[in-house]
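> Give me a 3D structure for the following:
(one chain, ligands or ions: 1)
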Amino acid sequence: MDLVRKVLLIYTGGTIGMVRDKNTKTLVPFNFDNLLSLVPELELLDCDIDTYSFRNPIDSSNIHPDDWIDLAKIIGDKYDDYDGFVILHGSDTMSYTASALSFLLENLKKPVIITGSQLPMGYIRTDAKENLITSIQIAGDYTDEGYAKIQEVALYFEYKLYRGNRTTKHSSEHFEAFASLNYPHLAVSGVHLKYKCDVMQPKNDKKLIIHSSLNRNVAILKLFPGITKEVVRAIINIENIEGLIIETYGAGNAPSSDWLITELSDAINSGLVVLNITQCPAGIVDQDLYEVGMQMKKLGVIGGRDMTIEAAITKLMFVLGSPELRKNPVKSLRVNLRGELSNSENKF
Ligand code: ASP
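Okay, the predicted model is just below:
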């Protein structure tokens, strides 16, 4: 007889469970029981589902690093009791949460699937049912040998399963709301669920480690033609700032103005960790390609390769929050910790 897999469904909020407020006519989070009563199909799935809900479900714009740490702890506490986890979450910051969880959960060997929807569960044209049902199926999907088919934090939306820390929300209105432009999807759901075979391999037998520290003294500075010294200074000189992402052009290029070089160089010499991420939705930072990129490298700016901004900011929080990893931030940020970047040739 086939083993009945156990899945824990964690509800944080988001459109999937929202209803329209009668007075304001805006969508507001609603309770979990209401959401589940709209999906009688869950009874038909051949896995046992338990549920856990945030006391006050939130719009994901209100998600906070403390919530990520709480989610990681919940998964850690329940890890041995369940075969897989599904997190229902608003789509707006879903990629940040997926990225943060990928860093907080080390040596994961069970699926943690994050999903949500563009329309609430109660709407007739909703995308919520398919997203929820297939996510639960993936969370309980094991090989005959007993290995989870997905052993990482993944994001499921509109028939595709993605590596969570490679995703970005790219559409606020299409059902296909997410993209993973620098990494192929992990599975496609059609008549059959088709996985890429290399995600099914059992990894090492190291025990799960739940991390619980994220450093919030970080910021993002997005360049634009005409950016002034005052804007750059205001960000670089934020009190207590420890890590900065500079969102550059193309392959990691920035203007060669003397004032910018001086500001960055002074900040880096006083200990600020600066990570270079491209504004391009796809492609890689290569600080060796152009003179205007090479100047960043010479200053000590760390090339972020093909990380998304969501993965980069949460990785920066994670690395600077870890006494061990922050000893060598260049190495820690350049190394591939959880599949969030394509392997480097160690060109720091
Ligand atoms: N504002 C909503 C949220 O992120 C949008 C969604 O769920 O799709 O919570």
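> going forward, measure contacts between C-alpha atoms and count neighbours the same way
Fine.
> For the stretch 1-150 of the chain, just list every one of the helices.
In order along the chain, the stretch 1-150 of the chain carries the following helices (DSSP state H, counting those that start in this stretch): 32-37, 65-78, 94-104, 128-139.
> got the buried residues for the shortest one?
Of the residues in helix 32-37, those with enough neighbours to count as buried (16 or more other Cα atoms under 10 Å) are 32, 35.
> Which residues does it contact?
When contacts are taken as Cα atoms under 8 Å, 6 or more residues apart in numbering, the neighbours of helix 32-37 outside the stretch itself are 11, 16-17, 53, 121-122.
> Restricted to strands, list those.
Using DSSP state E, the members of those that fall within strands are 11, 53.
> Filtering the contacts of helix 32-37 by proximity to the ligand, which remain?
Taking Cα under 6 Å from any ligand atom as the test, the ligand is in contact with none of those.
> any idea which of the contacts of helix 32-37 is closest to the ligand?
Distance ranking of these against the ligand, using Cα to the nearest ligand atom, places Ile16 first at 6.1 Å.
> The closest one and Leu119, how far apart?
To Leu119, Ile16 is 6 Å away according to Cα to Cα, to the nearest Å.
> More neighbours: which of those two?
Taking neighbours as other Cα atoms under 10 Å, Ile16 and Leu119 compare with Ile16 leading, 29 against 20.
> hmm, back to that, rebuild the contacts of helix 32-37 as TSV, extending it with pLDDT.
Output for the contacts of helix 32-37, formatted as TSV (pLDDT from 0 to 100):
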residue	pLDDT
Tyr11	95
Ile16	91
Gly17	88
Ser53	93
Met121	90
Gly122	87
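> Out of the contacts of helix 32-37, which two sit at the greatest distance?
Greatest spatial distance among these (Cα to Cα): Ser53 and Gly122, at 18.4 Å.
> low pLDDT regions in the protein?
Low-confidence segments of the chain (pLDDT under 70): 1-2, 197-203, 344-348.
> So which bits of it are right by the ligand?
Selection of the chain residues close to the ligand by Cα under 6 Å from any ligand atom yields 14-15, 59-61, 90-93, 117-118.
> Give the buried subset of those as a PyMOL selection command.
Here the buried members of the residues of the chain next to the ligand are turned into a PyMOL selection, burial being counted by 16+ other Cα under 10 Å:
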select buried, resi 14+15+59+60+90+91+92+93+117+118
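> picking that back up, which residues do Ile16 and Leu119 both contact?
Jointly contacting Ile16 and Leu119 under the rule Cα under 8 Å, 6+ apart are Ala128.
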